[in-house]
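Colleague: Let's see this in three dimensions:
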Amino acid sequence: MNFDLIVIGSGPGGYKAALTAAHLGAKVALVEKALPGGTCLNQGCIPKKTLLHLATLIEDVNNLQDRGLVGRVHGDFHAAVVHKNAVVASIRDNFSVWLRRLGVRVFAAEARLLGGQRVALRPGPHDAAPAEMPHTLQAGRIILAAGSAPRQLDTCLTDGERILNSRDFMFNLTQLPESVLCIGGGAVGVELGFLLHQFGSRVCIVEQRSRLLDRPRIPERASAMLERKFARIGIEVRKNASVLDYAAAHDGIRVNLSDGFSGTFEKILVAVGRQPQVDGLGLREAGVALDADGFVQVSEYLETSASGIYAVGDMKPGPMTANAALHDAKVAAGNAINGNLMRANYHKVPVVIDSALEIAAVGLTEDLAESAGFEPDVALASLGGSGKARARHDYEGFIEVVHDADTGQLLGGCIVGPEAGEQIHMLAAACQSARGLWFLRDMSYSHPSWCEELETAVDPYAAALARSDKTIFTPGIYAGQR
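Modeller: Here you go, the predicted model:
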């Protein structure tokens with residue numbers, strides 16, 4: 001069968017690529033060997049967000065005791081898991097329906113590149129091939145979107161029962177463990193650790209680096225605030241430490257850490273990153289090169305070393321998030337159909353962490369801006385002065401807006417607090433606006449609202465620049481970039 005585009009993988013990158021290409025008028029095939037929706041829908045973003053919403057509600061309601069609400073709320077983890085599974089199933093059951101409405105053909109099969117823009121299909125190990133399934137597909141362009149899998153830790157190998165990764169957590173864990181050691185203080189560790197704590201588990205997070213969320217896009221100020229809240233609510237954090245060894249005990253698993261700590265936990269969650277899924281796709285035979293870390297090498301247009309074959313999401317170097325995969329999908333699909341015109345730019349893609357505090361960032365941090373040659377300044381506003389935050393009794397957080405001190409050019413920023421993941425879109429839009437910093441200054445906001453604190457943060461800086469003799473109408477750093 002002939003198509004304009006074949007997409008391999010149906011996670012956020014593959015799904016969005018298929019939709020984008022279909023909207024551009026292409027005849028599209030999408031091939032998925034496992035559950036529709038990939039990691040994001042079945043074991044990542046959607047189930048995690050469903051459970052974290054409940055965990056946050058527990059905190060919100062209990063923090064309002066004697067402020068108009070009476071009666072403490074307790075979590076029922078098993079019921080929450082049932083609810084989570086129902087949410088995921090409701091989306092998954094409609095997955096193919098939504099694609100078919102745009103004319104996308106969906107094949108439940110394993111895909112392998114044959115070269116010459118051909119893809120071989122075969123049923124999965126537990127599936128029977130439908131009578132109408134072709135043996136091969138042909139297309140002018142191919143997009144690889146096979147995603148990634150949890151990375152193993154040599155000193156603490158998962159077994160799917162007592163030592164879990166994030167996949168095991170979402171698929172196998174139905175009863176709340178009394179205690180959990182989270183190995184890794186990245187996004188998965190701080191999110192699932194908070195979730196388990198809210199439902200009643202004793203949680204310890206061990207991180208081998210000097211801070212939680214030690215990634216370039218998250219400022220240290222945000223990590224420090226999250227660590228303080230963890231300490232206040234009773235989540236133990238051990239930094240600059242790693243697992244030395246572990247052994248079965250009568251009441252769980254005994255773990256020894258490099259900092260001298262020794263403790264017993266019912267479950268261990270290994271959250272030390274992810275690795276690309278590249279095996280079995282015939283990449284080498286098709287001329288698709290991998291880098292030293294096993295990722296698919298791509299150009300700035302997301303095209304691989306094999307002409308006409310693109311890669312998106314976790315398979316290639318870059319942020320391993322659903323947000324980045326969605327960004328990749330639009331770039332790769334647009335280039336596959338219209339020619340290589342769009343370049344990937346992950347500074348435009350928001351990073352969002354859902355934990356005891358919601359953290360969202362976009363663009364450059366102060367340190368990254370300085371490294372890039374700017375003279376950065378940071379406009380700060382605490383949620384302590386926010387009318388909406390005070391009304392909700394939820395004012396732990398801040399807004400920081402990074403801009404160039406000489407020109408006022410907007411470079412990026414970070415938001416910590418309620419609904420930060422929604423507010424960050426305003427800051428991202430400003431970074432891509434011709435008005436830049438003045439995009440935020442010129443907006444008319446509702447009151448009280450979260451977003452009005454963006455104006456509170458930048459107002460003094462914009463006013464000072466306006467009074468100066470500097471050239472102030474500088475576009476946002478990403479204005480005009482495709």
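Colleague: where does the chain have low pLDDT?
Modeller: Filtered on pLDDT under 70, the chain yields the residue ranges 125-131, 471-473, 482.
Colleague: so where do the helices sit in it?
Modeller: With helices called from DSSP state H, the chain shows them at 12-23, 38-43, 45-63, 77-92, 95-101, 166-172, 187-199, 220-233, 322-338, 366-371, 387-392, 420-431, 437-442, 452-467.
Colleague: could the ones you listed go into JSON lines alongside distance to D245?
Modeller: Bear in mind the C-beta positions are built from the backbone N, C-alpha and C, glycine included. Putting the helices of the chain into JSON lines (distance: least, C-beta to C-beta, whole Å) gives the following:
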{"stretch": "helix 12-23", "distance to D245": "37"}
{"stretch": "helix 38-43", "distance to D245": "28"}
{"stretch": "helix 45-63", "distance to D245": "30"}
{"stretch": "helix 77-92", "distance to D245": "29"}
{"stretch": "helix 95-101", "distance to D245": "43"}
{"stretch": "helix 166-172", "distance to D245": "21"}
{"stretch": "helix 187-199", "distance to D245": "20"}
{"stretch": "helix 220-233", "distance to D245": "26"}
{"stretch": "helix 322-338", "distance to D245": "35"}
{"stretch": "helix 366-371", "distance to D245": "36"}
{"stretch": "helix 387-392", "distance to D245": "45"}
{"stretch": "helix 420-431", "distance to D245": "38"}
{"stretch": "helix 437-442", "distance to D245": "52"}
{"stretch": "helix 452-467", "distance to D245": "48"}
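Colleague: so which of those helices gets nearest D314?
Modeller: Ranking the helices of the chain by distance to D314, with C-beta to C-beta as the measure, places helix 322-338 first at 6.9 Å.
Colleague: and that closest one, what does it pack onto?
Modeller: Contact here means 3 or more C-beta pairs under 8 Å, 6 or more residues apart in numbering; DSSP states H and E; on that basis helix 322-338 packs against strand 2-8, helix 12-23, strand 136-144, strand 309-311.
Colleague: sorry, back to before: got JSON lines for the helices of the chain, with mean neighbour count too?
Modeller: Converted to JSON lines, the helices of the chain look like this (neighbours: other C-beta atoms under 10 Å):
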{"stretch": "helix 12-23", "mean neighbour count": "26"}
{"stretch": "helix 38-43", "mean neighbour count": "24"}
{"stretch": "helix 45-63", "mean neighbour count": "18"}
{"stretch": "helix 77-92", "mean neighbour count": "15"}
{"stretch": "helix 95-101", "mean neighbour count": "14"}
{"stretch": "helix 166-172", "mean neighbour count": "19"}
{"stretch": "helix 187-199", "mean neighbour count": "25"}
{"stretch": "helix 220-233", "mean neighbour count": "17"}
{"stretch": "helix 322-338", "mean neighbour count": "24"}
{"stretch": "helix 366-371", "mean neighbour count": "16"}
{"stretch": "helix 387-392", "mean neighbour count": "15"}
{"stretch": "helix 420-431", "mean neighbour count": "21"}
{"stretch": "helix 437-442", "mean neighbour count": "22"}
{"stretch": "helix 452-467", "mean neighbour count": "18"}
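Colleague: Can you check which of those gets nearest to V402?
Modeller: Taking C-beta to C-beta as the criterion, helix 366-371 is the member of the helices of the chain that comes nearest to V402, at 5.5 Å.
Colleague: helices or strands next to that closest one in the packing?
Modeller: So helix 366-371, by 3+ C-beta pairs under 8 Å, 6+ apart, packs with strand 376-382, strand 398-404, strand 410-416.
Colleague: any idea how far that helix is from the chain center?
Modeller: For helix 366-371, the separation from the chain centroid amounts to 23 Å (computed by C-alpha atoms, centre = their mean, to the nearest Å).
Colleague: who touches it?
Modeller: Under the contact criterion C-beta atoms under 8 Å, 6 or more residues apart in numbering, helix 366-371 has outside partners P216, R217, P219, P376, V378, V402, D404, L411, G412.
Colleague: likewise stretch 40-53?
Modeller: Stretch 40-53 is touched from outside by 11-12, 35, 37-38, 80-81, 83-85, 87-88, 91-92, 95, 166-167, 169-171, 191-192, 194-195, 322, 325, 354-355, with contacts defined as C-beta under 8 Å, 6+ apart.
Colleague: The helices and strands packed on helix 322-338: which one's closest to D442?
Modeller: Closest to D442 of the helices and strands packed on helix 322-338, according to C-beta to C-beta: helix 12-23, at 31.6 Å.
Colleague: can I have the closest one written out in PDB, keeping just the CAs?
Modeller: Extracted C-alpha coordinates of helix 12-23, given in PDB (Å, rounded to 0.1, in the frame of the first residue of the first chain):
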ATOM      1  CA  PRO A  12       2.400  12.100  21.500                       C
ATOM      2  CA  GLY A  13       5.100  12.500  18.800                       C
ATOM      3  CA  GLY A  14       3.700   9.900  16.400                       C
ATOM      4  CA  TYR A  15       0.100  10.900  17.000                       C
ATOM      5  CA  LYS A  16       0.700  14.600  16.500                       C
ATOM      6  CA  ALA A  17       2.900  13.900  13.500                       C
ATOM      7  CA  ALA A  18       0.100  11.900  11.800                       C
ATOM      8  CA  LEU A  19      -2.500  14.600  12.600                       C
ATOM      9  CA  THR A  20      -0.200  17.400  11.400                       C
ATOM     10  CA  ALA A  21       0.500  15.600   8.100                       C
ATOM     11  CA  ALA A  22      -3.200  14.800   7.600                       C
ATOM     12  CA  HIS A  23      -4.100  18.400   8.100                       C
END
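Colleague: Check the gap between the residue nearest to the spatial centre of the chain and M225 for me.
Modeller: Centroid-nearest residue in the chain: T321, 3.6 Å away (criterion: C-alpha atoms, centre = their mean). For T321, the distance to M225 (C-beta to C-beta, to the nearest Å) stands at 21 Å.
Colleague: Let me see the ranges of the strands in the stretch 151-300 of the chain.
Modeller: If you assign secondary structure with DSSP state E, counting those that start in this stretch, the strands in the stretch 151-300 of the chain sit at 163-164, 179-183, 202-207, 236-239, 243-249, 252-257, 262-265, 267-270, 274-276.
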